[in-house]
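K.L.:
show me the folded form of this:
(2 chains)
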2 protein chains.
Amino acid sequence: MLIKNGNVIIFENDDVKVKKLDIRINGDTIEEIEEKLDEKTGEKVIDATDKVVMPGLINTHAHIAMSIFRGTFEGCDLYTWLNEKIWPMEAKLTEEQVYDATMLSILEMLSTGTTCVNDHYFFSKQIRKALEESKMRAVITRVLMDNDGKEASENRINEFVDLYESRDRNNDLITYTVSPHGLYTCSGEVLTKSRELALKYNLPIHVHFLESINEIESIKELHGDTGANVLKKYFDGLHIILAHGVKISDEDIKVLKTLDCGIAHCPISNLRLGCKIADTTKYLDEGLNVALGTDGQGSGNNLDMFEAMKIAGLIQGGIHENEKRINAKDVIKMATINGAKLLGLENKTGSIEVGKKADIIIVDISDELDNVKMLPNVDIVSNLVYNADGKNVDTTIVNGQVLMENRNVKVIDTNKVVKK
Amino acid sequence: MLIKNGNVIIFENDDVKVKKLDIRINGDTIEEIEEKLDEKTGEKVIDATDKVVMPGLINTHAHIAMSIFRGTFEGCDLYTWLNEKIWPMEAKLTEEQVYDATMLSILEMLSTGTTCVNDHYFFSKQIRKALEESKMRAVITRVLMDNDGKEASENRINEFVDLYESRDRNNDLITYTVSPHGLYTCSGEVLTKSRELALKYNLPIHVHFLESINEIESIKELHGDTGANVLKKYFDGLHIILAHGVKISDEDIKVLKTLDCGIAHCPISNLRLGCKIADTTKYLDEGLNVALGTDGQGSGNNLDMFEAMKIAGLIQGGIHENEKRINAKDVIKMATINGAKLLGLENKTGSIEVGKKADIIIVDISDELDNVKMLPNVDIVSNLVYNADGKNVDTTIVNGQVLMENRNVKVIDTNKVVKK
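P.N.:
Take a look at the predicted model:
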């Protein structure tokens, strides 16, 4: 397959460049990137004139079955939302609902340019079934916690082991994390068990971390220490994906820098739950890896990573008054290559480079009425972050396979899913 | 004209409701609103099944000719942006550029559901010409300031008088404000002159107010007092439109409550210029009127008021930690009825009510792939604010005239404007 004449987003050293390039994909892999490539006989050609060709977006923290909870409540704080809204509703979920809700979310992701998602939920076999059918890249888990007693906790651990052991070893698209829910909902026992499982299966840890101010106190009560020190105690030496990280202090940063960790920043969810704004400018300056996520639709509105990019860029101006802060190029990296690094997938995805898997999206920025808010299009990177949205994506390619073309999603029966 | 079967956004007391209603428009006016209205012979009928029918959006602070400066710089603070970027570029603008840029912005506004805009710029006759051709509702001005000397200031005042005196008295769609640029760029002399003009012509004042932290000091230096006290001194008794109002202290609020004023909140511009977040939750609690604006595209990305709504709602969670804050219903009012009040147009526009002018937009929320991020659509108001964007608008009606239908803009040659 040949993608011709596009404005290609390329990472060179630390910079983000836009170059007119052709890209050849062979099977699942990017084979050639040149200024001009000739079409081979019989080769599928995608014309990307007046379009942007960029790495597929990587959503590093979501609960994708939560589309079913979209817009059912507003203006909660995190603890009220979990205890009074989400957890009681989740207790009533059925397998079929989780499958249907996951399919709806996959449609939302593929149609808005997300090629890889890091999920954090339960009913994980249903989620895996939907993901396998969709052919998108994903990292999944079965969330662990023991704030409701020992038996429930044991069941969760068994479900995780069963999930992992029953994996399709030929499926390169789906990988796994070990996911204690949070340091305030897991005792030392579950954290120790998580460490053992991560070591045994060689998997990263994926954990909610300092999402809200209340969590600082809760962790202190449960573990007698700061969140960063608890991480260090249980997960030193493991690769750790920290969801949120809004309330990271300068002291915490010193500890985090000694760990193999990074942050899945979910700005929209943080704002909607009144958690304030994570200082991603500072985290990046300190050398921490910061990637982007949407969180679930219950708190995070939707799974459109373009919206996450826009908000992530904008809100730094809400805490850095008259100061230098992250720019549109930083945000593009957060949504792509930083995400790949955070998920341990940087050899496979996150950038358009020869040898990587072809996880690529094509974004329409042509001079049409729907794009009037990008005109005059003098800064493509700025327009991608601040003026585009998921609807601008017209083609989504994962692992060399075209999953959406000209906004027709090929792998899913769109009508059926939407009607459900 | 009859709009049938829509989900109509209605303001009842302080609440925002969604009701299945039919709306009859006679000429420029809303004549009937009932659960079921029968079609008259020969009457134009718009079927709004599965769509939202809502008041047209009112952009209470913009510099619409600034589409020409979109995306040309990023990460500035306000003073650097004005002094080093915008003012030097503006000095080179031609009348033709202003006209073309204004047309591009009108296309952007009509296609994203804005039916009325409050502009703040110069070359105002060109802007008026474009607005008159487009048939949209607008409030215009010729900005006054004297930080570059007396002669330039006199010219500006003369241009304003000429603009106002040359108005088409039969054109009900375009009204005027007297607009000193800001309290930090206008001496007492210009502010006094502004007061005289506002009294003479019975017009509101439209002024930048406490947009950035630097402004507090600049006003102190120039006038020896706080911004709120300077307003009181020069504009007491007049209707005052305050653009931005990010840095309003509790002391300022006490003074503002004694004035006939309200705030044009421009959240995206404030964030992009690193001005931090206006506490609109507090302003509304204190009884101040808060409406919404986009500012110009140089700082504010674009003129899509749906984006302004989304960001206005979200960012209150960036300053109100675990606290009650404005919700989606408040935001809908900010973008419509509060805007009409702020511009002194509440008898004409801002809500769907019998007797008001028909400034109405129809928003597509049907079960299609492009709306997948609204599903399941259990809370229409929340979806309008948090998951819709300007591209969801399919019909825009101003003063009873359909300016866009099924995303075809009728009053402007879209292709010509976009290509320019």
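K.L.:
what parts of the stretch 101-250 of chain A come near chain B?
P.N.:
A:Leu104, A:Leu107, A:Glu108, A:Ser111, A:Thr112, A:Ser212, A:Ile213, A:Asn214 (Cβ under 8 Å from any Cβ of the partner chain). Where C-beta positions appear, they are placed from N, C-alpha and C, glycine not excepted.
K.L.:
quick one: the third one from B:Pro376, how far?
P.N.:
By that I understand A:Glu108. According to Cβ to Cβ, to the nearest Å, A:Glu108 and B:Pro376 sit 12 Å apart.
K.L.:
now the common contact residues for these two.
P.N.:
When contacts are counted by Cβ atoms under 8 Å, 6 or more residues apart in numbering or on different chains, A:Glu108 and B:Pro376 are jointly contacted by A:Ser67.
K.L.:
so for the two, which residue has more residues nearby?
P.N.:
Remark: of A:Glu108 and B:Pro376, A:Glu108 carries more neighbours, 25 against 18, as counted by other Cβ atoms under 10 Å in any protein chain shown.
K.L.:
isn't the more buried one right next to A:Met305, touching?
P.N.:
No. Here A:Glu108 lies out of contact with A:Met305, judged by Cβ atoms under 8 Å, at a distance of 10.3 Å.
K.L.:
joint contacts of those two?
P.N.:
Going by Cβ under 8 Å, 6+ apart, residues that sit against A:Glu108 and also against A:Met305 are A:Gly390.
K.L.:
can you say which of the residues of the stretch 101-250 of chain A next to chain B are buried?
P.N.:
Among those, those scoring as buried are A:Leu104, A:Leu107, A:Glu108, A:Ser111, A:Thr112, A:Ser212, A:Ile213, A:Asn214 (criterion: 16 or more other Cβ atoms under 10 Å in any protein chain shown).
K.L.:
just the element for the first one, please.
P.N.:
A:Leu104 is part of helix A:95-111, with elements assigned from DSSP states H and E.
K.L.:
following that helix, which helix or strand shows up next?
P.N.:
strand A:114-119.
K.L.:
parallel or antiparallel, list what pairs with that following strand.
P.N.:
As defined by DSSP bridges, the strand partners of strand A:114-119 come to strand A:57-62 (parallel), strand A:137-140 (parallel).
K.L.:
from the chain's centroid, how far away is the last one?
P.N.:
Pointing back at strand A:137-140 there. Here the centre of strand A:137-140 is set off from its chain's centre by 9 Å, with Cα atoms, centre = their mean, to the nearest Å.
K.L.:
list the buried residues of the helix holding A:Leu104.
P.N.:
A:98-111.
K.L.:
ok, back up a step: most tightly packed of the strands paired with strand A:114-119?
P.N.:
Mean neighbour count (mean count of other Cβ atoms under 10 Å in any protein chain shown) peaks for strand A:57-62 among the strands paired with strand A:114-119, with a mean of 30.
K.L.:
report the inter-axis angle for that strand versus helix A:95-111.
P.N.:
Counting by axes from the mean of the first three to the mean of the last three Cα atoms, to 10 degrees, strand A:57-62 lies at 150 degrees to helix A:95-111.
K.L.:
ok, then the element right after strand A:57-62?
P.N.:
helix A:78-80.
K.L.:
can you list contacts of that next one?
P.N.:
Helix A:78-80 has contacts (Cβ under 8 Å, 6+ apart) with A:Glu211, A:Ser212, A:Asn214, A:Glu215, A:Leu273, A:Gly274, A:Cys275, B:Asn322.
K.L.:
and if you look at stretch A:385-395?
P.N.:
Under the contact criterion Cβ under 8 Å, 6+ apart, stretch A:385-395 has outside partners A:46, A:51, A:108, A:111-113, A:304-307, A:309-310, A:313-314, A:328, A:331-332, A:361-365, A:370-371, A:373-374, A:402, A:404-407, B:70-71, B:272, B:301-302, B:370, B:373, B:389, B:391.
K.L.:
swap the cut-off to 7 Å and go again
P.N.:
Applying Cβ atoms under 7 Å, 6 or more residues apart in numbering or on different chains, the contact partners of stretch A:385-395 are A:46, A:111-113, A:304, A:306-307, A:309-310, A:313, A:328, A:331-332, A:361-365, A:373-374, A:402, A:404-407, B:301-302, B:370, B:389, B:391.
K.L.:
of the residues you listed, which belong to helices?
P.N.:
A:Ser111, A:Phe306, A:Glu307, A:Met309, A:Lys310, A:Gly313, A:Ala328, A:Val331, A:Ile332 (DSSP state H).
K.L.:
residues contacting the residue nearest to the last one when sequence neighbours are not counted?
P.N.:
In other words, A:Ile332. Closest residue in space to A:Ile332, ignoring its immediate chain neighbours: A:Val16 at 5.4 Å, by Cβ to Cβ, 6 or more residues apart in numbering or on different chains. Taking Cβ under 7 Å, 6+ apart, we find A:Val16 in contact with A:Ile9, A:Lys329, A:Ile332, A:Lys333, A:Val381.
K.L.:
could I get the pLDDT score of the residue nearest to A:Ile319 when sequence neighbours are not counted?
P.N.:
Leaving aside its sequence neighbours, A:Ile319 sits nearest to A:Ile277 (Cβ to Cβ, 6+ apart; 5.1 Å). Looking at A:Ile277, its pLDDT stands at 98.
K.L.:
OK, contacts around A:Ile277?
P.N.:
Residues near A:Ile277 by Cβ under 7 Å, 6+ apart: A:Asn270, A:Ile315, A:Gly318, A:Ile319, B:Gly318.
K.L.:
switch the cut-off to 6 Å
P.N.:
A:Ile277 makes contacts with A:Ile315, A:Gly318, A:Ile319, B:Gly318, as judged by Cβ atoms under 6 Å, 6 or more residues apart in numbering or on different chains.
K.L.:
A:Gly227 now?
P.N.:
A:Gly227 is in contact with A:Leu183, A:Leu210, A:Ile219, counting by Cβ under 6 Å, 6+ apart.
K.L.:
which non-adjacent residue is nearest the second one?
P.N.:
Excluding the flanking residues, the one nearest A:Leu210 by Cβ to Cβ, 6+ apart is A:Lys247, at 4.1 Å.
K.L.:
tell me which residue is most central in chain A.
P.N.:
Within chain A, one residue has its C-alpha closest to the average C-alpha position: by Cα atoms, centre = their mean, that is A:Asn59, at 1.4 Å.
K.L.:
the residue lying closest to that residue once chain neighbours are set aside and A:His63, how far apart?
P.N.:
Computed as Cβ to Cβ, 6+ apart, the closest residue to A:Asn59 that is not its neighbour in sequence is A:Val117, at 4.5 Å. Distance, A:Val117 to A:His63, using Cβ to Cβ: 10 Å.
K.L.:
equivalent analysis for A:Leu273, please.
P.N.:
Taking Cβ to Cβ as the measure, A:Leu273 falls 13 Å from A:His63.
K.L.:
do the same with A:Arg195
P.N.:
A:Arg195 sits 23 Å away from A:His63, going by Cβ to Cβ.
K.L.:
looking at those two, which is more packed in?
P.N.:
Just comparing A:Arg195 and A:His63: by other Cβ under 10 Å the higher neighbour count belongs to A:His63, 26 against 19.
K.L.:
count of neighbours near the closest residue to that one other than its chain neighbours?
P.N.:
Distances taken as Cβ to Cβ, 6+ apart put A:Gly296 closest to A:His63, at 3.4 Å, once the chain neighbours are dropped. Using other Cβ under 10 Å, A:Gly296 has 27 neighbouring residues.
K.L.:
show me what the helix or strand harbouring A:Gln126 is in contact with.
P.N.:
Using DSSP H and E, A:Gln126 sits in helix A:124-134. By Cβ under 6 Å, 6+ apart, the surrounding residues in contact with helix A:124-134 are A:Glu95, A:Val98, A:Tyr99, A:Thr102, A:Met103, A:Ile106, A:Ala138, A:Ile140, A:Arg142, A:Leu163, A:Val411.
K.L.:
what do you get for stretch A:95-115?
P.N.:
Applying Cβ under 6 Å, 6+ apart, the contact partners of stretch A:95-115 are A:56-57, A:59, A:64-65, A:67-68, A:123, A:126-127, A:130, A:134, A:137, A:303-305, A:359, A:361, A:390, A:393, A:396, A:398, A:403-404, A:409, A:412, A:417, A:420, B:369, B:372-373.
K.L.:
alright, calling it a day.
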